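Q: structure for the following, please:
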Amino acid sequence: MTDESPESLIPYDEIVQDALRAVVGRVLGEVERSGGLPGDHHFYITFKTRSPGVSIPKHLMERFPDEMTIVIQHRFWDLKVEDDDFTVGLSFGGVPALLHVPFAAVTQFHDPAVEFALTFQANAAEEPPEEHEEAENDAPKSEGAEDGSNVVSVDFTKKK
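A: Down below sits the predicted model:
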């Protein structure tokens with residue numbers, strides 16, 4: 001008898017990741033339908049810039065060749081949410097840009113107003129992302145408690 005778990009023929013990790021990414025879609029969909037953010041809610045969304053389906057201006061791709069964090073707070077427009085992706089207009093250094101991001105490219109979602117965060121595994125075999133600069137789109141950053149409350153992190157690495 002061994003202590004190893006049998007290999008699953010059901011991709012539970014992918015199913016859970018898709019379900020958690022659907023939370024991001026539902027939240028953004030509510031913002032789209034209501035026409036704005038309620039109360040002090042605002043979002044930091046990190047995504048892989050080279051994931052299939054991501055469309056961002058060339059100057060942003062050059063600046064963020066791997067991963068980028070955007071802020072959806074005061075200055076955003078044309079938010080459109082579909083089943084598998086979203087599009088949003090943001091300003092970077094006063095220059096407007098339209099970004100198209102599939103939910104599969106999202107690696108983190110954080111609402112500092114209520115300290116809610118989700119972290120997604122882009123690929124279990126992938127190395128951890130390198131440190132990068134925060135996106136400087138034209139939205140003020142807010143201070144929030146960093147006590148880890150309401151944070152959900154899912155790790156699907158296999159036990160050996």
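
Q: and Thr49, how far from Ile10?
A: Separation of Thr49 from Ile10 (Cβ to Cβ, to the nearest Å) stands at 31 Å. For glycine as for every other residue, the C-beta is placed from the backbone atoms N, C-alpha and C.

Q: of the two, which one has the most company?
A: Set Thr49 next to Ile10 and count neighbours by other Cβ atoms under 10 Å: Thr49 wins out with 20 against 7.

Q: would you list the phi and psi of the more buried one?
A: For Thr49, the backbone dihedrals (degrees, to the nearest 10) come out as phi -70, psi -20.

Q: wasn't Ser5 part of a helix?
A: No: assessed by DSSP: H, G, I helix; E, B strand; the rest coil, Ser5 does not belong to a helix; its assignment is coil.

Q: show the model's pLDDT score for it.
A: pLDDT for Ser5: 72.

Q: do the same with Asp83
A: You'll see Asp83 listed with a pLDDT of 92.

Q: tell me how many other residues surround it.
A: Around Asp83 sit 8 other residues, with neighbours defined as other Cβ under 10 Å.

Q: wait, what's in contact with it?
A: Residues near Asp83 by Cβ atoms under 8 Å, 6 or more residues apart in numbering: Gly25.

Q: can you tell me the SS state at Asp83?
A: At Asp83, secondary structure determined by three-state DSSP is coil.

Q: please give the element, helix or strand, for Leu79.
A: Under the assignment given by DSSP states H and E, the secondary-structure element containing Leu79 is strand 76-81.

Q: what's in contact with that strand?
A: In this structure, residues lying in contact with strand 76-81 by Cβ under 8 Å, 6+ apart are 25, 28-29, 31-32, 72, 86-90, 98, 139.
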